[in-house]
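# Quick one, structure for this:
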Amino acid sequence: MTLLSVLPLFALAQRGSYVLKLSSVDIEGESKGTIKIDSVKPSKIVFYKSNYTDSLIDIVFTDNGQSIPFELTNKAEKNIKVNWNEACYIDFSNTKGKIMHVGVEYIIRSGDYPPTSIAGGSKISDFATPTDNVFYSLGYYGGWRTKHLLPYSNPNGAKTLVGKRVKLLLPIQNDGKQLDYVFTFDIVFSPVVN
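Coordinates of the predicted model:
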C-alpha cells in the first residue's frame, strides 16, 4: 500500500462534527438517576440522544448545534416548574451565561422569564440557548441569528475542545422545594459514517 492510497482514508477519518453527549447529572451534590445514551444517525454524522430518568423527571436531550433541545416529562402526580431565571449554561471555558427557551422573544432574551409549569404526568418540548449566542445581523440578509455552541467554523479550535465539558443547570421546583439539576455534557468528535 502506498502513501497516496492511505491519504484519502486519513482525510475521510478527519471529516465529521463535534457533538454533545450527556456524561453525568448532579442534583444537590448527588447522582440519583440513570443515564442512557443512544446513537442517532439522521445523516452521515452520528449524534447522541441522551436520556436521564429519576423518580421525579425523565428528560431526553438531542443536539442541534445551536442549542440543547430537550423533552422533559414530569413523573410526579403534582405539578413541577422550571425556574428559568436561575437556569444557566456553562461553556467549555467555564463561563456561565443566561439561557433562553421556547417562547422567549429574541429582543427580550436578557429579561426575566416566568417559570414553566408541567402538570403531573405530562411533558414539554423545549430548548436551552445561551443568550450570548443570539445577535441581530444588519444588512440585506439581516435578522436574528444564533451562533453555534461549539466553534464549527474553526476546525482546529474545535479539535481542542474534545474531552472538555459544558453544563446546563435546570432548577426544578417540586412541592415548594427547588432541585438544581446540573447536566454535564462531554464534547466528542463524531466522524462521518457512510
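# make it CA atoms for all contacts and neighbour counts henceforth
Noted.
# looking at this, Gly120 is in a strand?
No. Read with DSSP: H, G, I helix; E, B strand; the rest coil, Gly120 is coil and lies in no strand.
# right, and Leu150 touches Gly65 too?
Yes. Between Leu150 and Gly65 there is a contact under Cα atoms under 8 Å: 7.3 Å.
# Tell me which of the two has more neighbours.
Leu150 (21 against 18; other Cα atoms under 10 Å).
# what does the average pLDDT come to for stretch 149-165?
For stretch 149-165, mean pLDDT is 71.
# Equivalent analysis for stretch 76-85, please.
93.
# Quick one: residues in contact with that stretch.
With contacts defined as Cα atoms under 8 Å, 6 or more residues apart in numbering, stretch 76-85 is touched by 55-57, 74, 98-100, 112-121, 170-175.
# go on, stretch 167-180?
27-28, 78-84, 86-91, 181-185.
# From the residues you listed, which land in strands?
Under the assignment DSSP state E, the contacts of stretch 167-180 contribute Ile27, Ile80, Lys81, Val82, Cys88, Tyr89, Ile90, Tyr181, Val182, Phe183, Thr184, Phe185 to strands.
# List just the nearest of those to Leu161.
Phe185 (12.0 Å; Cα to Cα).
# Nothing else from me, thank you.
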